[in-house]
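Chemist: Would you be able to build a 3D model of this:
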Amino acid sequence: MLKLGTPITAGDIYSVKALAPGHPVFQLDGFGDDSGKVDSIVIKLETQANTGNVHTAAALMNAVDPKARTEVLKPPEIQQLKHWAQYGEVPDVDALQTAGVLVQQLSLPGAWVKMGVKKLTMLDSAVQKRLDPANPDKADVRLIARALKKSGGLEKLGEIIAADLFNGNTDRFGPPFELNPGNYKGITLQAVYNVGNVFVACDGKGKGSPIGLDSYDPASEWKDLNNAHIDQQRWGGMLLMGNQKANRLAYAGMIINDLEALLGPRNRKIAFASKNRLGTNRKGRMNNGMENGAKKLKTLLQNWSRSNPNNPHKPAIAAKMAALGW
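Modeler: Alright, predicted model coming up:
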C-alpha cells in the first residue's frame with residue numbers, strides 16, 4: 001500500500017500522473033481497497049540536493065508542522081520506482097507517457113522525497129484569480145485569509161517561519177536581515193520572496209490551514225549541513241533568540257503587510273471599517289507562533305543529542321544550536 005512510513009514497492013503502484021508538467025513532481029496511485037478507496041502519495045525530486053540535508057530540513061519542519069510530513073526515499077525505493085516505470089503495467093496511454101518521463105527524472109542527481117496527497121490552495125494562483133481583469137475571483141484569497149485569521153492559523157504560519165529561519169530556507173520568505181523589495185503582479189513586496197511557496201492545505205469543506213511543504217531551499221547558502229560557519233549577522237535563525245522579540249515583530253509586520261497586499265482589501269460597506277483580512281494582533285500572533293516553533297525545534301534537537309550521544313549533529317546544526325544557546 002502506498003503510504004508514508006511504508007517503503008514503496010513496484011507491486012503497490014497502479015498508475016502515475018504528473019502534477020506539474022515540466023517539473024519532477026508526480027502522484028503515484030495504488031490499487032485501492034475493497035470499498036474503492038485509492039491509496040496515493042506524491043513524490044518529488046529536490047534537484048541537485050544532498051539526501052542528508054533534505055532529510056534533516058524535512059525532520060525539522062515536521063517537528064513544527066506534522067501535516068507537512070515529508071520523507072526521503074531510500075535507494076531500494078528508487079529502484080522499485082525505476083522497475084515499475086520501465087516494466088510495470090500501466091492503465092492508459094497517459095500513464096505510459098508519464099512513466100517514461102519518470103524514468104528519465106529518476107536518473108537525475110538530487111534527493112527524491114514522498115509526502116501525502118494534499119489539496120492545496122496556493123497564494124500565487126489565488127492572487128492571479130483575484131487580479132484577472134476578465135473574471136476576477138476572490139474565492140481562493142478568502143479561503144487563505146480565513147485559514148490564516150482563524151484561531152491557530154497565523155500561529156501555525158509563525159511556526160513554519162521558525163523552521164524556515166533555522167533551515168535557512170529563503171524560498172518562501174526572505175532572510176530577515178537582508179530583505180530586498182520585490183514585485184509580484186505589480187504588488188511591491190518586502191518579505192514574501194516566493195509567492196508560489198505560500199499555501200494552505202484544504203479539507204474539501206471550504207476550510208484550510210497553512211502548511212510547511214517545500215522546506216528545503218537548494219539555492220540557500222545554508223543548505224550544506226557540513227559547513228559549520230554560521231555568519232550570525234546574516235543567518236535568519238538568530239531571530240529565534242529570546243531577546244529578538246522586537247526584530248521578530250518587525251519581520252512579522254513585513255510579512256503581514258505583504259500578505260495583506262497580495263490578498264487585497266476586504267470590501268466593506270461601512271467607510272471606517274477595517275479592510276484588512278487577517279484581523280487584529282496579527283504581528284503578535286505570528287510572533288507567538290515563531291516563539292512556539294523555536295521551542296519545538298529546540299526540544300527536538302536536544303532530544304536528538306540525548307538519544308544519540310555518540311552521533312553528533314551535523315556541523316552546521318551544532319553551530320546553529322551553539323549560536324542560539326541551545
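Chemist: drop to CA atoms for contacts and neighbour counts, all remaining ones
Modeler: Will do.
Chemist: Please enumerate the strands of this protein.
Modeler: 15-18, 25-29, 40-47, 70-72, 110-116, 119-122, 182-184, 187-189, 199-202, 208-210 (DSSP state E).
Chemist: and those strands, which is most packed in?
Modeler: strand 208-210 (a mean of 25; mean count of other Cα atoms under 10 Å).
Chemist: Now it: average pLDDT?
Modeler: What strand 208-210 shows for mean pLDDT is 95.
Chemist: Spell out for me which residue occupies the centre of this protein.
Modeler: Nearest to the geometric centre of the chain sits Leu213, at 2.2 Å (Cα atoms, centre = their mean).
Chemist: Not counting sequence-adjacent ones, nearest residue to that one?
Modeler: Ala68 (5.3 Å; Cα to Cα, 6 or more residues apart in numbering).
Chemist: and what of Ile255?
Modeler: Ala191 (5.4 Å).
Chemist: Go ahead and confirm the one you found touches Gly174.
Modeler: Yes - with contacts counted by Cα atoms under 8 Å, Ala191 reaches Gly174, the gap being 5.1 Å.
Chemist: so where do the helices sit in the chain?
Modeler: Under the criterion DSSP state H, helices of the chain are mapped to 51-64, 75-87, 93-105, 123-130, 139-149, 153-167, 245-263, 282-307, 315-324.
Chemist: Return the most buried member of these.
Modeler: Of those, helix 153-167 is the most buried (mean count of other Cα under 10 Å), at a mean of 27.
Chemist: ok, so what distance separates the residue nearest to Lys320 when sequence neighbours are not counted from Ile43?
Modeler: Distance criterion Cα to Cα, 6+ apart; nearest residue to Lys320, sequence neighbours excluded, is Ile230 at 6.9 Å. Using Cα to Cα, to the nearest Å, Ile230 is found at 32 Å from Ile43.
Chemist: what does stretch 58-75 rub up against?
Modeler: Here stretch 58-75 makes contact (Cα atoms under 8 Å, 6 or more residues apart in numbering) with 4, 51, 54-55, 111-116, 156, 159-160, 163-164, 167, 211-213, 215-216, 293, 296-297, 300.
Chemist: Where does the prediction get shaky in the stretch 201-326 of the chain?
Modeler: 267-274, 311 (pLDDT under 70).
Chemist: rerun that using 80 as the cut-off
Modeler: Scanning the stretch 201-326 of the chain for pLDDT under 80 picks out 204-206, 266-275, 309-312.
Chemist: quick revisit: and Ala191 and Gly174? which has more neighbours close in?
Modeler: Ala191 (26 against 23; other Cα atoms under 10 Å).
Chemist: can you pull the contacts of the more buried one?
Modeler: Here Ala191 is in contact with 173-176, 179-181, 251, 254-255, 258 (Cα under 8 Å, 6+ apart).
Chemist: wait, Val42 sits on Gln27?
Modeler: Yes - assessed by Cα under 8 Å, Val42 is found in contact with Gln27 at 4.4 Å.
Chemist: got any residues that touch both of these two?
Modeler: In contact with both Val42 and Gln27: Val117, using Cα under 8 Å, 6+ apart.
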